[in-house]
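Trainee: Just to be clear, the model below is a prediction. Sequence and coordinates:
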Amino acid sequence: MLFQNNLNFDNCIGTYTLLYGETNTNKTYYTGKFIQFLIESKKINPKEISILDFAPPLTIIRNNKIGGKIEDFYKNSTLCNNYSFQGEIIPPRLKAMNIKELYENACNNFKKTYKILKAFNDNPAPILIINDISIYLHVGNKKLLLDSIKKVNTFFGNSYYGSSIKTDFTSLFSLREKRIVQYLVKKIKNSYFMG
């Protein structure tokens with residue numbers, strides 16, 4: 001389904017929602033706006049909201065604006081249950097000079113994202129927010145992700161789905177990522193393509 005700027009956030013409560021698309025299509029912005037809506041309009045206790053932020057810090061690499069945390073778009077997201085890890089997520093394709101480095105980056109990211117996904121599964125909250133799901137899915141298990149989503153009443157997440165950040169040696173890696181995101185789109189009824 002194509003994303004409309006007038007997405008009714010009321011319709012995202014009690015269901016599962018996925019935003020997916022290219023870089024710079026406001027996926028993280030709208031994810032932050034949904035959290036703001038929950039806290040400020042619906043008066044939901046922030047401790048009922050768990051945030052797993054898999055995104056790398058906002059940077060510009062090869063003229064692409066990459067990453068960005070939810071906190072960059074909604075400061076009060078820090079009031080929620082934010083699951084954190086040591087270090088930062090590495091944009092795997094853009095920080096790799098060859099295929100070996102690509103998979104080293106993806107594996108390092110997986111260790112971080114798996115740790116907080118597992119921590120969430122051990123103590124789920126009613127609302128789950130995940131920023132930049134594809135970072136986990138580069139190496140991670142889609143079943144574990146879907147099992148996590150099924151534990152909650154409301155899920156709102158976003159994922160990269162595009163072609164702007166691939167290079168010659170990352171083609172197969174990018175193709176696998178696209179196929180897994182397509183699988184998620186089929187599983188999550190309210191999936192919106194951001195362009």
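Mentor: Right, received. Where do you want to start? Numbering: from 1, shown residues only.
Trainee: what's the weakest-modelled helix or strand in the protein?
Mentor: strand 64-66 (a mean of 69; mean pLDDT, DSSP states H and E).
Trainee: which strands and helices sit next to the helix or strand just after that strand?
Mentor: For strand 64-66, the following helix or strand on the C-terminal side (DSSP states H and E) is strand 81-83. If you count contacts as 3 or more C-beta pairs under 8 Å, 6 or more residues apart in numbering; DSSP states H and E, strand 81-83 packs onto strand 49-53, helix 99-122. The C-beta positions use only the backbone N, C-alpha and C, and glycine is treated the same way.
Trainee: what helices or strands is the longest one leaning on?
Mentor: So that's helix 99-122. Using 3+ C-beta pairs under 8 Å, 6+ apart: helix 99-122 touches strand 49-53, strand 81-83, helix 133-137, helix 142-150, helix 171-187.
Trainee: contact partners of it?
Mentor: 50, 52, 54, 83-87, 89-93, 95-96, 128, 135-136, 138-140, 144-145, 147-148, 151, 169-170, 173 (C-beta atoms under 8 Å, 6 or more residues apart in numbering).
Trainee: how about the host helix or strand of Phe155 as CSV, C-alpha atoms only?
Mentor: Using DSSP H and E, Phe155 maps to strand 154-160. What follows is strand 154-160, C-alpha atoms only, in CSV (Å, rounded to 0.1, in the frame of the first residue of the first chain):
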residue,chain,number,x,y,z
THR,A,154,0.6,-2.7,18.9
PHE,A,155,3.6,-2.8,16.6
PHE,A,156,5.0,0.1,14.6
GLY,A,157,8.3,-0.3,12.7
ASN,A,158,10.2,0.7,9.6
SER,A,159,12.7,-0.8,7.3
TYR,A,160,15.0,0.3,4.4
